[in-house]
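In: mind folding the following:
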Amino acid sequence: MLRPGGLVTRCATAVLGLAVVTAGATSAWDTARSGAGLRDKLKIVAPAAPGGGWDTTARELQHAAQANELTGTAEVLNVEGAGGTIGLARTANQPGDPNTLLLTGTTMLGAIEINGSSTRVSDTTPIARITEDYDAIVVPADSPLRTVHDLMDRWRADSGGVVGGGGSIGSLDHLLAGSAAAEAGVGPAGLNYIAYSGGGEMVAALLGDHLDVGFANTDEISDQVAAGELRVLGVSAPQRTTDLPDAPTLREAGVDIVLSNWRGLVAAPGITAEQAADARAFVRELTATPQWRDALRRNNWLDGFQDGPEFDRTLAAETDRIRDITEKLGLA
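Out: Numbers count the residues shown, from 1 in each chain. From the prediction side, this is the model:
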């Protein structure tokens, strides 16, 4: 149901939060620096609290490494705060550390711009991109919005009256909402967007008639779509996804938007060329294990593996693209 007025956008706690480090993290981090490399001691930094996407990815990597005895020890370190930039700064401030891999991705690139972070992903050593997934624009099954163009027409008629919601400010959900609204001629001041800490909260609000439209990872809403509770207006992928095979892409719907939520791994700055090459080889071996291939399937992650110069180019292009989007949204 569409309502006049709308709610005030509120920033996610991930953008404003302080770092939260699990017990013993500082000593564990320092200990890792004394190891000979990833095959001796592996430290995976999830730059978020336990339970989220980064944490899940880190623990799947940890399990695969342990199950295949690729390393002597494998630990996950949760460093929460500011959309991942606290974990980024922590890693960048450990030059020469051969034992640590930090998870990065779309959300972190957005947070860097929004928070004005002095530390950039370019201050680390890029290793590999490992996964990729996409977002969907969804409405309740009984919504009068039948297509993306219906949504854009409502935005043009009364942008503030369309209440949208998704993940944290600067997340892929928010970037997709802003990009779609911009296609309708709606600027950042006209976007009525509510940030939630997780996809489950957004779905509950959407089904509870507190939102008109939602923006979420395809995996987060696929069950409700299958149950007939939600309907997809468009997906931000270049082609239809396996978890939402009947849902059109935004390009199919006539809106030229493709945005992915990718995750990758970087190492500390100052490691040697030999250590960087070994880290890339280690990650290639890790992501070829049966346990990791099963993790991709169970989590509906696409295999987005890239390393070397290919990943370097992707990282530079994504950094420029996310900076452009956040500036257009008035966030940077």
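
In: phi, psi of Leu77?
Out: phi -110, psi 120 (degrees, to the nearest 10).

In: hey, what's it bridged with?
Out: Val45 (DSSP bridges).

In: likewise Val266?
Out: Beta-bridge partners recorded for Val266 (DSSP bridges): Leu102, Pro126.

In: wait, what's in contact with it?
Out: 91, 101-102, 104, 121, 124-127 (C-beta atoms under 8 Å, 6 or more residues apart in numbering). C-beta: built from backbone N, CA, C; applies to glycine.

In: give the PyMOL command for selecting the buried subset of those residues.
Out: Buried subset of the contacts of Val266, written as a PyMOL selection, criterion 16 or more other C-beta atoms under 10 Å:
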select buried, resi 91+101+102+104+121+124+125+126+127
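
In: and the two most separated of the contacts of Val266?
Out: Greatest spacing in the contacts of Val266, by C-beta to C-beta: Leu101 and Val121 (13.2 Å).

In: hang on, the earlier thing: and of the contacts of Val266, the nearest to Lys328?
Out: Nearest to Lys328 among those, with distances taken as C-beta to C-beta, is Val121, at 20.5 Å.

In: just give the number of residues close to Asp55.
Out: Asp55: 19 surrounding residues under other C-beta atoms under 10 Å.

In: let me see the contact set for the closest residue to it other than its chain neighbours.
Out: Spatially, and ignoring its direct neighbours in sequence, Asp55 is nearest to Ala46 (4.5 Å; C-beta to C-beta, 6 or more residues apart in numbering). Neighbour list for Ala46: 52, 54-55, 57-59, 76-79, 87, 103 [criterion: C-beta under 8 Å, 6+ apart].

In: out of the residues you listed, which are buried?
Out: Here, 16+ other C-beta under 10 Å leaves 52, 54-55, 57-59, 76-79, 87, 103 buried among these.

In: format the contacts of Val266 as a markdown table; extra columns: pLDDT and distance to Val258.
Out: Shown next, in a markdown table, are those (pLDDT from 0 to 100; distance: C-beta to C-beta, whole Å):
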| residue | pLDDT | distance to Val258 |
| --- | --- | --- |
| Thr91 | 98 | 29 |
| Leu101 | 98 | 28 |
| Leu102 | 98 | 26 |
| Thr104 | 97 | 20 |
| Val121 | 97 | 21 |
| Thr124 | 98 | 26 |
| Thr125 | 98 | 28 |
| Pro126 | 98 | 22 |
| Ile127 | 98 | 25 |
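
In: looking at the contacts of Val266, which is nearest Leu176?
Out: Thr104 (19.2 Å).

In: tell me the pLDDT at Ile112?
Out: pLDDT, Ile112: 94.

In: I figured it hits Gly87, correct?
Out: No. Checked against C-beta atoms under 8 Å, the pair Ile112 and Gly87 is beyond contact range at 11.8 Å.

In: how near is Gln217 to Leu250?
Out: Actually, residue 217 is Asn rather than Gln. Counting by C-beta to C-beta, to the nearest Å, the gap from Asn217 to Leu250 is 15 Å.

In: which one's more surrounded, the two?
Out: Leu250 (26 against 22).

In: which residue packs closest to that one, ignoring adjacent ones?
Out: The nearest residue in space to Leu250 (C-beta to C-beta, 6+ apart) is Gly234, at 4.0 Å.
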